[in-house]
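S.K.: Here is my input, please return the structure:
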Amino acid sequence: MLPNKPKTKLLVDGGDPNETLRVKNLLGFVDGQTTNPSLIAKNPTIQRLIASGHTLNAEEEKNEYKKIVQSISPLVGDAGVSIEVFAELDTTAEEMLVQGQEMFSWIPNAYIKYPCTHEGLRAAQMSVEKGLRVNMTLCFSQEQAAAVYAATKGSKSPVYVSPFIGRLDDHEEDGMDLIKNIKKMYEHGDRHVHVLAASIRSQNHLLCSFALDAELATVPSKVLEEWAASGFPMPDDHFRYKGIDASGKPLKGIPYKELDLNLSWEKFDIAHELTTKGIQKFVADYRSTLKRPA
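M.R.: Take a look at the predicted model:
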């Protein structure tokens with residue numbers, strides 16, 4: 001069991017309540033959980049249904065998702081359970097909001113995930129006005145994080161922004177630089193947006209998230225188990241993160257940008273190819289659970 005709880009809140013990145021319980025027993029706590037269509041598609045119950053030849057329609061898929069998050073909800077702490085709306089590239093903010101409001105009613109500690117797109121930001125803006133808790137996912141740039149800040153001003157609850165470290169690393173960019181840059185930019189703000197380090201692939205990512213004081217980190221159970229097996233190391237004053245790819249080649253640094261958080265969110269350039277690819281992957285994984293008979 002974890003001897004000293006880190007300041008960074010720890011969330012399980014997954015879609016299986018049994019996995020959440022296993023991590024909770026290992027650490028002694030779980031602060032929250034993040035889910036998404038890809039993780040739900042991997043849920044053992046969903047996989048068994050598909051393997052048995054059962055075909056899920058969209059309503060059944062939604063009901064399975066609801067059952068899963070309702071099982072996870074009582075296992076986690078005040079960082080809540082993030083539930084992702086189903087959004088394609090042409091889904092409107094109004095369509096996302098309808099989903100978000102329904103999902104928010106499923107559990108008392110729900111956070112609704114919207115993508116860092118124009119329509120996702122519009123949905124977030126409307127959501128915080130209605131009192132919904134929001135987690136902005138698929139964040140790959142400082143501009144997107146600035147837009148999240150501007151779009152969600154006045155939120156009664158902390159808003160989460162989820163920069164995807166591992167996917168930036170895959171793109172040969174140092175994902176930890178984005179965490180560092182967003183944290184630095186938010187120092188000039190009112191602290192209503194919390195940084196949730198996501199797409200964590202390694203213990204090194206996790207330790208660097210701690211060192212950078214990310215408010216939250218969502219971590220696959222495999223990485224949390226490796227961290228436990230290592231004796232729960234924490235970064236000290238000598239900790240230095242080296243961004244390298246699988247071959248040991250240094251990743252390209254992401255420079256800091258001076259951005260004005262007082263601007264309207266529409267003023268920021270939020271387009272990013274990895275956000276588009278991320279949405280396409282979630283859609284494909286979601287559709288893989290909606291098999292139809294031949």
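
S.K.: Within the helices and strands, which one has the nearest residue to Ser155 once chain neighbours are set aside?
M.R.: In space, and not counting its chain neighbours, Ser155 is closest to Val128: 4.1 Å by C-beta to C-beta, 6 or more residues apart in numbering. Every C-beta, even on glycine, is put in place using the N, C-alpha and C of the backbone. Element membership for Val128 (DSSP states H and E) is helix 118-129.

S.K.: list the buried ones in that helix?
M.R.: Residues Glu119, Gly120, Leu121, Arg122, Ala123, Ala124, Gln125, Met126, Ser127, Val128 are the ones in helix 118-129 that count as buried (16 or more other C-beta atoms under 10 Å).

S.K.: neighbouring contacts of it?
M.R.: Applying C-beta atoms under 8 Å, 6 or more residues apart in numbering, the contact partners of helix 118-129 are 85, 87, 91-94, 96-97, 100-101, 112, 114, 134, 136, 147-148, 151-152, 154-156, 159, 265-266, 270.

S.K.: ok, of those, which come out buried?
M.R.: Among the contacts of helix 118-129, the ones that count as buried by 16+ other C-beta under 10 Å are 85, 87, 91, 93, 96-97, 100, 112, 114, 134, 136, 147-148, 151-152, 155, 159, 265, 270.

S.K.: which ones among the residues you listed are found in strands?
M.R.: Secondary structure from DSSP state E places Ile112, Tyr114, Val134, Met136, Val159 of those in strands.

S.K.: how many other residues sit next to Gly32?
M.R.: Residues near Gly32, counting by other C-beta atoms under 10 Å, number 26.

S.K.: burial measure for Phe86, as a count.
M.R.: Other residues near Phe86 number 18, with proximity taken as other C-beta under 10 Å.

S.K.: ugh, wrong one, I meant Pro233
M.R.: Neighbour tally, Pro233, other C-beta under 10 Å: 12.

S.K.: quick one: contacts for the closest residue to Thr275 other than its chain neighbours?
M.R.: What sits nearest to Thr275 in space, not counting adjacent residues and going by C-beta to C-beta, 6+ apart, is Leu138, at 4.6 Å. Counting by C-beta under 8 Å, 6+ apart, Leu138 makes contact with Pro115, Cys116, Ser162, Phe164, Leu274, Thr275, Gly278, Ile279.

S.K.: Please enumerate the helices of the protein.
M.R.: 17-27, 37-41, 44-51, 58-72, 93-104, 118-129, 142-151, 165-170, 175-186, 203-211, 221-229, 273-288 (DSSP state H).

S.K.: okay, those, which one's buried deepest?
M.R.: Mean neighbour count, computed with mean count of other C-beta atoms under 10 Å, is highest for helix 142-151 among the helices of the chain, reaching a mean of 26.

S.K.: Mind giving me the packing neighbours of that one?
M.R.: Counting contacts by 3 or more C-beta pairs under 8 Å, 6 or more residues apart in numbering; DSSP states H and E, helix 142-151 packs against helix 118-129, strand 134-139, strand 159-163, helix 175-186, strand 193-197.

S.K.: Dump those to CSV, plus mean pLDDT and distance to Ser209.
M.R.: Shown next, in CSV, are the helices and strands packed on helix 142-151 (pLDDT from 0 to 100; distance: least, C-beta to C-beta, whole Å):
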stretch, mean pLDDT, distance to Ser209
helix 118-129, 98, 23
strand 134-139, 98, 14
strand 159-163, 98, 10
helix 175-186, 98, 7
strand 193-197, 98, 4
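
S.K.: Minimum distance to Ala41: which of those has it?
M.R.: strand 134-139 (16.0 Å; C-beta to C-beta).

S.K.: could you give the angle of the closest one to helix 142-151?
M.R.: 170 degrees (axes from the mean of the first three to the mean of the last three C-alpha atoms, to 10 degrees).

S.K.: starting at the chain centroid, how far to strand 134-139?
M.R.: Relative to its parent chain, strand 134-139 has a centroid offset of 6 Å by C-alpha atoms, centre = their mean, to the nearest Å.

S.K.: Okay, now the sheet partners of it, with direction.
M.R.: Using DSSP bridges, strand 134-139 pairs in its sheet with strand 110-115 (parallel), strand 159-163 (parallel).

S.K.: and the angle from that strand to helix 118-129?
M.R.: 160 degrees.

S.K.: now the angle from strand 134-139 to helix 93-104?
M.R.: Using the same axes, to 10 degrees: strand 134-139 against helix 93-104 is 120 degrees.

S.K.: Now do strand 134-139 and helix 273-288, the angle between them.
M.R.: 110 degrees.

S.K.: Hmm, Val193 is touching Val148, no?
M.R.: Yes. Shown here, Val193 and Val148 form a contact pair, counting by C-beta atoms under 8 Å, at 6.0 Å.
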